[in-house]
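S.K.: Next come a sequence and a model predicted from it.
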Amino acid sequence: MDAAAAAALAPALGALTRLTLLSLASNGLEEVDALAPALAKLAELRVLRLSTNELMDRDAETLAAALPSMARLNELHLDHNWLASRGITALATSAARHGSMKEPRLRFRSLSTSASGSAGPAGACCVGGGSWSDLGR
């Protein structure tokens, strides 16, 4: 889902204020800039699945800024994206301050690196739930 498609989806998402589970996994989502304001309106959202997309550290930072508005969120799935330490740290910091996540955890699988040294799609992150190693605990 490119930026234009995400921008088209955002108004509809923002209107679903009673939504409790949203899965945009495996949609080729390239960024969350247009979706973040709509996601922040989903005060009842408990589970957000963004796994297996093309999200990067800047997207994790955008999501981290929206987390405090999602008062009931307790699962954020970001496995199989392009996250590295900067994005993971932003999410961990925000999750630690997030009221509904009683025991926020940032978990990860080892981040694969390409020949250029950049994190690859095997990088995985999940805030709340999951079975990965804890980071920073």
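M.R.: Good, I have the coordinates.

S.K.: Point out where this protein drops to low pLDDT.
M.R.: Regions of the chain meeting the criterion pLDDT under 70 cover residues 98-137.

S.K.: can you rerun that using 90?
M.R.: Using pLDDT under 90 as the threshold, the predicted model of the chain has low-confidence ranges 2-3, 14, 17, 43, 46-47, 51, 67-81, 83-85, 88-89, 91-137.

S.K.: now the helices for it?
M.R.: Per DSSP state H, the chain carries helices over the ranges 3-15, 36-40, 57-66, 85-97.

S.K.: Mean neighbour count added to the ones you listed, as a markdown table?
M.R.: Every residue, glycine included, has its C-beta placed from N, CA and C. Output for those, formatted as a markdown table (neighbours: other CB atoms under 10 Å):
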| stretch | mean neighbour count |
| --- | --- |
| helix 3-15 | 14 |
| helix 36-40 | 19 |
| helix 57-66 | 20 |
| helix 85-97 | 19 |
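
S.K.: Residue 47: which of the ones you listed is closest?
M.R.: Between residue 47 and the helices of the chain, the shortest gap by CB to CB is with helix 36-40, which sits at 12.2 Å.

S.K.: Out of the helices of the chain, the one nearest residue 30 is which?
M.R.: Closest among the helices of the chain, once you apply CB to CB, is helix 3-15, at 6.5 Å.

S.K.: Show the secondary-structure elements that the closest one is packed against.
M.R.: Contacting helix 3-15 under the criterion 3 or more CB pairs under 8 Å, 6 or more residues apart in numbering; DSSP states H and E are the following elements: helix 36-40.

S.K.: The helix it packs on: how far from the chain's middle?
M.R.: Here the centre of mass of C-alpha atoms in helix 36-40, compared against the chain's by CA atoms, centre = their mean, to the nearest Å, lies 12 Å away.
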